[in-house]
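Enquirer: Any chance you could fold what I've pasted below:
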Amino acid sequence: MQSTTVSQEHYTGASGERSIAQRPHDSDVLRGHGAFDATTQNQADFVGGTGERYETVKRGASDVLKGQGHMQSTTISKENYTGAAGERPNAQRPRDSNILKGDGAFNATTQNQADFVGGTGERYDTVRRGASDVLKGQGHMQSTTVSQEHYTGAAGERPVALRPQDSDFLKGQGAFNATTQNQADFVGGTGERYDTVKRGASDVLKGKGQMQSTTVSQEHYTGAAGERPSAQRPRDSNILKGDGAFDATTQNQADFVGGTGERYETVRRGASDVLK
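Expert: Numbering: from 1, shown residues only. Below you'll find the predicted structure:
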């Protein structure tokens, strides 16, 4: 039997054809002339400087909370509602009422108790019955059921056990032929094959000269210096600059200067007679 397949005969191990590997040169597309200017447009426009602010006006001490004389600490409620004895009527205890009082003793007997007086009820005289002869029979009681009488224990009728003899139904004449129809039709042998034709080396992938590894994009977009306007650094702006030194004091710091606050003199009150 031939163990070599058609694929193994056609495609024998050999060295494939490859074009020469050419490494492309470095591109100068992203290269520029001179040093790289990393300053953004915002950094160029908004240069740090001194901003313009209005002049700080320091307010003088305010006389709004200042009054003439001492501060009166007594409220209207304290003046109107002074501690004194209020007006009250004399306490009078009401006398006992005779509304629920009756003449004589109280009758606690209810209508039901009056209607249904406890006593001895009426009953019939008790009659004691004698022994009954209903369940008494003559002689002994028969405890045998109808089923026990009809189906008495006895030997049942059975046919004689006969063992059947071996059957010759599946027996054939001569030896058993175990060959299937497929085995008879498709006998193992040498199949018909075409003659093996070994192809020669192919010239499909072969070209004339060297392989051009430059793409259309590389040809169109060659490394060159792009057009860029000249970098001009803007001058410092005087918009946020003011005349003189920068005053960092806020309006709150100017209005509320740390110092000793104004307080009224402490007046110690005498003992009060409100709760006496």
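
Enquirer: Below-threshold pLDDT in the stretch 51-200 of the chain: ranges please.
Expert: Applying pLDDT under 70 to the stretch 51-200 of the chain flags residues 67.

Enquirer: any chance you could map the helices in it?
Expert: Taking DSSP state H, counting those that start in this stretch as the criterion, the stretch 51-200 of the chain carries its helices at 76-80, 111-115, 146-150, 181-185.

Enquirer: Alpha carbons of the third one, as PDB, please.
Expert: I take that to be helix 146-150. What follows is helix 146-150, C-alpha atoms only, in PDB (Å, rounded to 0.1, in the frame of the first residue of the first chain):
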ATOM      1  CA  VAL A 146     -69.000 -16.000  54.000                       C
ATOM      2  CA  SER A 147     -65.600 -15.500  52.300                       C
ATOM      3  CA  GLN A 148     -63.900 -18.000  54.700                       C
ATOM      4  CA  GLU A 149     -66.700 -20.500  53.900                       C
ATOM      5  CA  HIS A 150     -66.400 -20.100  50.100                       C
END
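
Enquirer: Please name whichever of the helices of the stretch 51-200 of the chain is nearest to R93.
Expert: helix 76-80 (34.5 Å; C-beta to C-beta). Every C-beta, even on glycine, is put in place using the N, C-alpha and C of the backbone.

Enquirer: Centre of the chain to that closest one, how far?
Expert: The chain centroid and the centroid of helix 76-80 are separated by 63 Å under C-alpha atoms, centre = their mean, to the nearest Å.

Enquirer: how about it: buried residues?
Expert: If you call a residue buried by 16 or more other C-beta atoms under 10 Å, then helix 76-80 has no buried ones at all.

Enquirer: Render the CA-only coordinates of it in PDB, please.
Expert: Extracted in PDB, the C-alpha atoms of helix 76-80 (Å, rounded to 0.1, in the frame of the first residue of the first chain):
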ATOM      1  CA  ILE A  76     -40.500  95.900  78.600                       C
ATOM      2  CA  SER A  77     -41.700  92.500  79.900                       C
ATOM      3  CA  LYS A  78     -39.700  92.900  83.100                       C
ATOM      4  CA  GLU A  79     -41.200  96.400  83.600                       C
ATOM      5  CA  ASN A  80     -44.800  95.400  82.900                       C
END
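
Enquirer: F106: neighbouring residues, count only.
Expert: 7 (other C-beta atoms under 10 Å).

Enquirer: do you know how far it is from L100?
Expert: Distance from F106 to L100, counting by C-beta to C-beta, to the nearest Å: 10 Å.

Enquirer: Could you do R199 as well?
Expert: Distance of R199 to L100, computed by C-beta to C-beta: 137 Å.

Enquirer: isn't D247 right next to E52, touching?
Expert: No. Applying C-beta atoms under 8 Å as the test, D247 and E52 come out as separate, 11.4 Å apart.

Enquirer: so who does the spatially most central residue of the chain touch?
Expert: The chain has N42 as the residue nearest its centroid, 44.2 Å off, counting by C-alpha atoms, centre = their mean. The contact partners of N42, by C-beta atoms under 8 Å, 6 or more residues apart in numbering, come to none.

Enquirer: element containing it?
Expert: If you go by DSSP states H and E, N42 is part of helix 41-45.
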